[in-house]
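# attaching a predicted model along with its sequence, questions to come.
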Amino acid sequence: MPAPDHAALHALYSEHNGWLKNWLRARLGNASDAADLAQDTFIRVLNARNADTIREPRSYLGAIAHALMIDKFRRKALEQAYLDELALRPERVAESPESRLLILETLLAVDQMLDGLGERTRNIFLAVQLEGLSYVATAERLGVSVTTVKKHLIRAMTHCLLLTDD
């Protein structure tokens, strides 16, 4: 892998960091989050090691920043859903911040695994694994054959196993 061109990266950062922060601030409504995501965007560029070959810098940076925003919103929504679920529990159990972080990171990892599945595969996987439906009940609910349910479960399990091997 070629070494990053530090001069090109410095020029990219110098010329577009202000624009990117303003672009993000307009979408996030928060200068602090905008600065964090802009920094994360340039870290991605640094890790990609292609700063010297970017032809449309604002489009490229905007695409990376947009993906990071989606990840941020997704994580926030997942965290809020978890907190809402905790609030519904009848007994109040005080969890340590470490436990809460571990649970949220696990939920995010599961969400990312599920995101890589097709819609039908994801629906079948969730019906069987999360709701505890039988293969027959899942097939009836989704209007598919039991063989299709089995095939999609194998696909989902293989996908999840491949991601956990990394």
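That came through, no problem.
# buried residues in the single longest helix found in the chain?
Determined from DSSP state H, the single longest helix within the chain is helix 57-88. Neighbour counts over helix 57-88 (16 or more other Cβ atoms under 10 Å) mark 57, 60-62, 64-65, 68-69, 75, 79 as buried. For glycine as for every other residue, the C-beta is placed from the backbone atoms N, C-alpha and C.
# tell me which strands and helices that helix is in contact with?
helix 6-28, helix 31-48, helix 97-115 (3 or more Cβ pairs under 8 Å, 6 or more residues apart in numbering; DSSP states H and E).
# Leu153: which of these is closest?
helix 97-115 (13.2 Å; Cβ to Cβ).
# tell me what angle that closest one forms with helix 57-88.
120 degrees (axes from the mean of the first three to the mean of the last three Cα atoms, to 10 degrees).
# tell me the domain ranges of the chain?
Using automatic domain parsing, the domains assigned to the chain come out as 1-94, 116-166.
# quick one: low-confidence ranges for the protein?
1-5, 51-52, 90-94, 163-166 (pLDDT under 70).
# residue nearest the centroid of it?
Asp71 (4.4 Å; Cα atoms, centre = their mean).
# how about Leu61, what does it touch?
12, 16, 20, 41, 45 (Cβ atoms under 8 Å, 6 or more residues apart in numbering).
# closest one of those to Gly132?
Thr41 (41.5 Å).
# run a quick neighbour tally on that closest one.
Per other Cβ atoms under 10 Å, the neighbour tally for Thr41 reads 26.
# now do the contacts for it.
20, 61, 64-65, 68.
# can you do 10 Å?
13, 16-17, 20-21, 24, 60-69 (Cβ atoms under 10 Å, 6 or more residues apart in numbering).
# again, but for Ser145
135, 139, 151.
# the closest residue to Phe42 other than its chain neighbours: neighbour count?
Closest residue to Phe42 apart from its sequence neighbours, by Cβ to Cβ, 6 or more residues apart in numbering: Tyr13 at 5.7 Å. The number of residues packed near Tyr13 is 19, by other Cβ under 10 Å.
# so Tyr13 touches Leu46, yeah?
Yes: counting by Cβ atoms under 10 Å, Tyr13 does reach Leu46; the two are 9.3 Å apart.
# list residues touching both of the two?
By Cβ under 10 Å, 6+ apart, no residue touches both Tyr13 and Leu46.
# do you know how far Arg122 is from Leu24?
30 Å (Cβ to Cβ, to the nearest Å).
# give me the more crowded residue out of the two.
Taking neighbours as other Cβ under 10 Å, Arg122 and Leu24 compare with Leu24 leading, 25 against 17.
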